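Peer 1: Sequence first, predicted coordinates after that:
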Amino acid sequence: MQKITSNSNELIKKIHKYSKSQSERKKDSITILDGLHLLEEIFKVDDSNRLLYIFCTEKALQSLEINNFLKSNNLEITLVTESIMNKISPTKTPQGILGIYNFPNRSILSKNATTVILLDRIADPGNLGTIIRTGVSMGADAFFCSTGCAQAWSPKVLRASQGAHFYTTIFTEFDLVNIKKVFDGEIFGAFLNLDAKSIYQTKFPKKIGFCFGNEGSGINVLEFNKYGDKKIFIPMSKGFESLNVAIASGICLSERKRQIFS
């Protein structure tokens with residue numbers, strides 16, 4: 001077990017850059033998994049070869065749950081002080097254990113994919129993470145994030161998804177206009193327009209892509225007309241015109257799941 005007590009340690013300074021700089025994480029394809037739950041998810045999908053380091057405090061080692069996790073997976077850790085953990089963690093209240101993970105940059109969609117989600121400039125990390133978590137739970141095979149989306153592998157998005165990232169394929173900075181080059185299903189865009197069709201009056205096909213747009217401006221209509229097939233909307237009561245995009249994605253995916261099993 002290595003132990004680091006100095007904030008000026010070169011490795012610690014490097015991890016500190018990752019915790020504070022999105023550009024540094026993106027450049028090296030690195031993210032920080034803060035907390036035991038995200039680390040456990042990696043081992044459930046046998047992806048531990050991408051885990052570069054595990055840092056832990058002495059206080060965290062007193063946790064029976066953390067100890068059992070480390071021993072059962074025969075893991076080497078780097079012990080750090082509370083001060084260092086506060087420095088390298090991306091959260092205000094670190095859980096005392098975190099991992100440094102080399103995330104994959106996807107370029108190929110599985111031929112077996114039947115459900116994909118297109119995300120047009122989803123800016124809020126919480127929304128993006130919730131959509132990924134919801135999508136995976138509803139059977140989504142892949143997510144295509146356009147330029148302008150929050151960074152999909154950022155610590156905030158990962159925390160919101162609760163580890164759902166590890167069970168799916170995520171494409172980043174993808175030009176949505178090119179979706180038909182990699183996926184031959186029909187693309188349905190969620191709109192508020194009157195010319196859209198209610199999801200409850202729409203028969204969804206076996207191979208489908210759902211597109212959800214920016215929290216403020218929605219889907220870029222001009223671009224959608226180049227790759228999209230149909231527009232849908234969610235009927236609402238009491239004069240409400242819109243929903244949070246993460247909630248809307250859950251409703252659409254749930255209706256698709258209902259149709260599969262009905």
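Peer 2: The structure has been received and is ready for your questions. Residues are numbered from 1 along each chain as shown.
Peer 1: Would you mind measuring from Phe174 to Asn225?
Peer 2: Distance, Phe174 to Asn225, using CB to CB, to the nearest Å: 18 Å. Glycine gets a C-beta too; all of them are placed from N, C-alpha and C.
Peer 1: For these two, indicate the residue with more neighbours.
Peer 2: Using other CB atoms under 10 Å as the criterion, Phe174 and Asn225 rank with Phe174 on top: 19 against 11.
Peer 1: ok, Met1 to Asn220 distance?
Peer 2: For Met1, the distance to Asn220 - CB to CB - is 51 Å.
Peer 1: okay, these two: which has more neighbours?
Peer 2: Using other CB under 10 Å as the criterion, Met1 and Asn220 rank with Asn220 on top: 19 against 9.
Peer 1: shouldn't the more buried one be in contact with Gly213?
Peer 2: Yes - using CB atoms under 8 Å, Asn220 is in contact with Gly213, at 7.1 Å.
Peer 1: what do the two both touch?
Peer 2: Taking CB atoms under 8 Å, 6 or more residues apart in numbering as the contact rule, Asn220 and Gly213 both touch Asp120, Arg121.
Peer 1: Run a quick neighbour tally on Arg256.
Peer 2: Arg256: 20 neighbours (other CB under 10 Å).
Peer 1: Surely it forms part of a helix?
Peer 2: Yes - residue state for Arg256 (DSSP: H, G, I helix; E, B strand; the rest coil) corresponds to a helix.
Peer 1: OK, contacts around it?
Peer 2: Under the criterion of CB under 8 Å, 6+ apart, the neighbours of Arg256 are Thr115, Met138, Phe204, Ile208, Phe210.
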